[in-house]
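Student: Got a predicted structure plus its sequence, pasted below:
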Amino acid sequence: NENIVTGYYDPTSVRYYAEGTFEKMPMASLGPVMQGILSSTEGEASAKLEIAGQRRQAKLNGSVNVYDLATTVDFTQARYSAPRATLQVKDNHFIANNVRVYDKEGNSGMFNMDLSLEHLSNIAYSVRVVPRNMIVLDTDISDNDLFYGKVYGSGVATITGDKKGTTLDIVGSTEGD
């Protein structure tokens, strides 16, 4: 488990450059950041990143490889996994394209994401999920005594947001047994 960061800083011009290699970072460490959205997150990530620029104009670039990711969506209690995913990091955006995700029964769908760290005080995101007969709700009476059960669905869900709020755009259909 080796993490290495090298670089330089010029205080007169406030210019800097750093590159880092990070191995086997636990995905569970995202817990506090994703509290209320995702829980019971497992898996590991390795990353090769560089940041370069002057003052607030610094740009982060590189890639992150995620292995054996599993997480539960708090609102729906549906658990999803992705055996392997690669995120490209380009100009302060973390981008995932066509990552195959699975529910706990092995049904699959595709996941796309653009997480923008351009303005750290207002992190913006756009997530697109395309489930194909996947579990989209997996609650029991202890989660909500008025609305619970297991629901399978197909369609397209787009979730966009920032600190001002979240917008959901869902086009889909439920699947019967």
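Tutor: Okay, I see it.
Student: so where's this structure shaky on pLDDT?
Tutor: By pLDDT under 70, the weakly predicted segments of the chain are 1, 176-177.
Student: Can you name the residues in contact with the longest strand seen in it?
Tutor: In the chain, with assignment by DSSP state E, the single longest strand is strand 38-54. The contact list for strand 38-54, computed with CB atoms under 8 Å, 6 or more residues apart in numbering, reads 7, 13-28, 30-31, 34, 58-74, 79, 89. Bear in mind the C-beta positions are built from the backbone N, C-alpha and C, glycine included.
Student: helices and strands around the following helix or strand past it, which ones?
Tutor: Under the assignment DSSP states H and E, the closest C-terminal helix or strand after strand 38-54 is strand 59-73. In terms of contacts (3 or more CB pairs under 8 Å, 6 or more residues apart in numbering; DSSP states H and E), strand 59-73 is packed against strand 38-54, strand 79-90.
Student: how about the shortest one: buried residues?
Tutor: Within strand 79-90, the residues that qualify as buried by neighbour count (16 or more other CB atoms under 10 Å) are Arg79, Tyr80, Ser81, Ala82, Ala85, Leu87, Val89.
Student: Near Met134, how many residues? Count them for me, please.
Tutor: Using other CB atoms under 10 Å, Met134 is surrounded by 24 other residues.
Student: My understanding was that it contacts Met110; is that so?
Tutor: No. In this structure, Met134 is not within contact of Met110 by CB atoms under 8 Å, at 10.4 Å.
Student: that older thread, give me the buried entries from the contacts of strand 38-54.
Tutor: Among the contacts of strand 38-54, those classed as buried by 16+ other CB under 10 Å are 16, 22, 25, 27, 30, 60-62, 64, 66, 69-73, 79, 89.
Student: Point to the residue nearest the middle of the protein.
Tutor: Nearest residue to the geometric centre of the chain (CA atoms, centre = their mean): Met113, 6.9 Å.
Student: that's a helix at it, yeah?
Tutor: No. Looking at Met113 with DSSP: H, G, I helix; E, B strand; the rest coil, it is strand, so not inside a helix.
Student: show me the contacts for it.
Tutor: When the contact criterion is CB under 8 Å, 6+ apart, the partners of Met113 are Leu87, Phe94, Ile95, Ala96, Val99, Tyr125, Ser126, Val127, Arg128.
Student: Quick check: it vs Thr167, distance?
Tutor: Using CB to CB, to the nearest Å, we find Met113 at a distance of 15 Å from Thr167.
Student: Please apply the same query to Val101.
Tutor: 21 Å.
Student: same thing with Val73?
Tutor: 17 Å.
Student: Okay, now the sheet partners of the longest strand of the chain, with direction.
Tutor: strand 15-26 (antiparallel), strand 59-73 (antiparallel) (DSSP bridges).
Student: May I see those strands arranged in a markdown table, with distance to Thr174 as well?
Tutor: Listed next are the strands paired with strand 38-54 as a markdown table, based on distance: least, CB to CB, whole Å:
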| stretch | distance to Thr174 |
| --- | --- |
| strand 15-26 | 35 |
| strand 59-73 | 17 |
